[in-house]
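Novice: test case, fold it:
(chains A and B)
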Number of protein chains: 2
Amino acid sequence: MKMVNWMNFDNVWNEKVKETEEILGAFLPAEEGWAKTVMQAMNYSVNAGGKRLRPMLMAETYRLFGGTGKVIEPFMAAIEMIHTYSLVHDDLPAMDNDEYRRGRKTTWVVYGDAMAVLAGDGLLNLAFETALKSFEISESDIKRNARALAILANKAGIYGMIGGQTADIEAENLGSKVTEEHLLYIHEHKTAALIQAAMMIGAVLAGADAQQTALVERAAYEIGVAFQIQDDILDVTSTLETLGKPVGSDEKNNKTTYVTLKGIEEASREQREMSNHAIEQLESLEEKGFRNEFLMELIRSLITRIK
Amino acid sequence: MKMVNWMNFDNVWNEKVKETEEILGAFLPAEEGWAKTVMQAMNYSVNAGGKRLRPMLMAETYRLFGGTGKVIEPFMAAIEMIHTYSLVHDDLPAMDNDEYRRGRKTTWVVYGDAMAVLAGDGLLNLAFETALKSFEISESDIKRNARALAILANKAGIYGMIGGQTADIEAENLGSKVTEEHLLYIHEHKTAALIQAAMMIGAVLAGADAQQTALVERAAYEIGVAFQIQDDILDVTSTLETLGKPVGSDEKNNKTTYVTLKGIEEASREQREMSNHAIEQLESLEEKGFRNEFLMELIRSLITRIK
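Specialist: Numbering: from 1, shown residues only, chains lettered A, B, ... in the order given. Here you go, the predicted structure:
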């Protein structure tokens, strides 16, 4: 009975967060030398916590396709560094001017603007430096490593996440004039692109073929967009107590969201449709013997989460 | 006679700048779609001109070791993107707050702070995205490409250029209390690291062995530091007319330089010694049949330049 209790989803998840943070920690810089301050700022930013969602989705997709090696580890660290750098730069006074994130002072508040710019740059650069270590771990899979690196660079850059952030900044000036096409572009690129990268890299490194990788890319798109629509929904339906942050902020900021465009019912219906379709797609891989219960449960929890 | 005239160094250099800019242009983004603005800001930054020194040193070192292929081109574009992003972020109000560079408004002045942060991020990310295209050009040299990528990431990051920028920011608060060790760390990392990357990548991609690459790394260190000391010297000895920018700014800002630490004569002596040693080292490769007159002339011109 105790075993079963330990095996419940939240406990397994927490265990996996710890494992992921240990892997991540192994690739973070030692805080020493003349550039010590930027290293401290980088580590402060990465160690701010969070769900470690992207490296975890990567590792679980790797396992789904039968991957068992250590070649995934540098990429797990790399994608979390990229996610973190995007938050560090987003929080800057030049961008969103946020002083707190998850109840902690943001990087620029603690280390100053200049050091926060450099810490973000440092994390983005270190992400590639780290992912390149996969070549040392697995020389036989060198083409897979190169393919995984190309996916990471593409989904993180101007045709991926940075493109989404650009469109998001432009949307702020448009207010309620933002179209559905524009909003979907933002959700797809700002949020879904890194989730696609995470899951595709897991697939590619485990040896998934082009068709399977394309299936993962489509499913991850739906997961990412559904995840973001859920954010829009919770901002309307949740409470400060449950969410741990103020609700109604989108309306207050006159921000166009999936909910303002479609209404709460239609937004919820589409969100469920996307989620279910993504899970169906991934479960269709079971026919070929690819199965990972925890991954399915993780995805379900993300898109039906209440906070 | 006309032929000889055309063949003088400055004309050849100008031709090579043009060639380099064509290569670079082929890897810059088309300005379209929802993320158009960041692409415009990136292209504006890259097209601001400059000597294209790093890609040119890379291409010429590649030629020195007998390289003739197109695999060098994505790396030439990548290193110029990295140099450019570092200037875009350096100019930000959060950093140096510079409104003009080479007589043109800086990126943040034209596109705003937020877009300049994203344009810098976009260029750094695109540099890796671009360099990864080398794998498509030359699959047979996949290990060389991976090695070249690792050099790029290392010399551009916190153990290279970003480390140098961090130490430089810290030095600003120390004023005249900056030590020679601290200053040499800044010169080595902020300036020499990317010059090392440029020349080492040229060598590695052309098939230079580990010993030859190490020789290039040491020579490029001396070239980079001598280049930077020459900057410090010109700030004291030149005039506004010759230099095209105000002189005496280091003294005005109470900035520690190689000249304030050592005096003008000793600084000049060491600068010449480093330069000569670097050129001697590279010329020693002639014994093995590696010779590139233009590269030698280019290096001489950099470290004896009067503006």
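
Novice: near chain B, which residues of the stretch 1-150 of chain A are found?
Specialist: Residues of the stretch 1-150 of chain A lying close to chain B by C-beta under 8 Å from any C-beta of the partner chain are A:29, A:33-35, A:37-39, A:42, A:85, A:89, A:92-95, A:108, A:113-118, A:120-122, A:124-126, A:128-129, A:132, A:135, A:142-143, A:145-146, A:149-150. Any C-beta I mention is one placed from the backbone N, CA and C, and that applies to glycine too.

Novice: ok, now with 6 Å
Specialist: Proximity of the stretch 1-150 of chain A to chain B, by C-beta under 6 Å from any C-beta of the partner chain, involves residues A:34-35, A:37-38, A:89, A:94-95, A:113-114, A:117-118, A:121-122, A:124-126, A:128-129, A:132, A:135, A:142, A:146, A:149-150.

Novice: restricted to helices, list those.
Specialist: A:37-38, A:89, A:113-114, A:117-118, A:121-122, A:124-126, A:128-129, A:135, A:142, A:146, A:149-150 (DSSP state H).

Novice: taking the stretch 151-300 of chain A, what residue is nearest to chain B?
Specialist: Chain B sits closest to A:Gly163 of the stretch 151-300 of chain A, with a gap of 3.5 Å, by C-beta to the nearest C-beta.

Novice: nearest spatial neighbour of that residue, chain-adjacent residues omitted?
Specialist: Of all residues not flanking A:Gly163 in the chain, B:Ala35 sits nearest, at 3.5 Å (C-beta to C-beta, 6 or more residues apart in numbering or on different chains).

Novice: what of A:Gly160?
Specialist: Once flanking residues are discounted, A:Gly160 sits nearest to A:Ala193: 3.7 Å by C-beta to C-beta, 6+ apart.

Novice: how about that neighbour, what does it touch?
Specialist: A:Ala193 is in contact with A:Lys155, A:Gly160, A:Met161, counting by C-beta atoms under 6 Å, 6 or more residues apart in numbering or on different chains.

Novice: need the residues you listed in CSV with secondary structure, pLDDT and distance to A:Leu53, can you?
Specialist: Output for the contacts of A:Ala193, formatted as CSV (DSSP: H, G, I helix; E, B strand; the rest coil; pLDDT from 0 to 100; distance: C-beta to C-beta, whole Å):
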residue, secondary structure, pLDDT, distance to A:Leu53
A:Lys155, helix, 98, 15
A:Gly160, coil, 98, 17
A:Met161, helix, 98, 14
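
Novice: okay, the residues you listed in TSV with distance to A:Leu302 and neighbour count next?
Specialist: Output for those, formatted as TSV (distance: C-beta to C-beta, whole Å; neighbours: other C-beta atoms under 10 Å in any protein chain shown):
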residue	distance to A:Leu302	neighbour count
A:Lys155	18	25
A:Gly160	19	26
A:Met161	18	23
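
Novice: where's A:Glu15 relative to A:Val71, distance?
Specialist: According to C-beta to C-beta, to the nearest Å, A:Glu15 and A:Val71 sit 22 Å apart.

Novice: and for A:Ala41?
Specialist: 29 Å.

Novice: do A:Arg269 as well
Specialist: Separation of A:Arg269 from A:Val71 (C-beta to C-beta) stands at 41 Å.

Novice: those two: which is more packed in?
Specialist: Using other C-beta atoms under 10 Å in any protein chain shown as the criterion, A:Arg269 and A:Val71 rank with A:Val71 on top: 22 against 12.

Novice: ok, the more buried one - contacts?
Specialist: By C-beta under 6 Å, 6+ apart, the residues touching A:Val71 are A:Ser134, A:Ile137, A:Ser138, A:Leu205.

Novice: now A:Ala98: closest residue in space that isn't a chain neighbour?
Specialist: That one is not Ala; residue A:98 is Asp. Spatially, and ignoring its direct neighbours in sequence, A:Asp98 is nearest to A:Asp91 (4.3 Å; C-beta to C-beta, 6+ apart).
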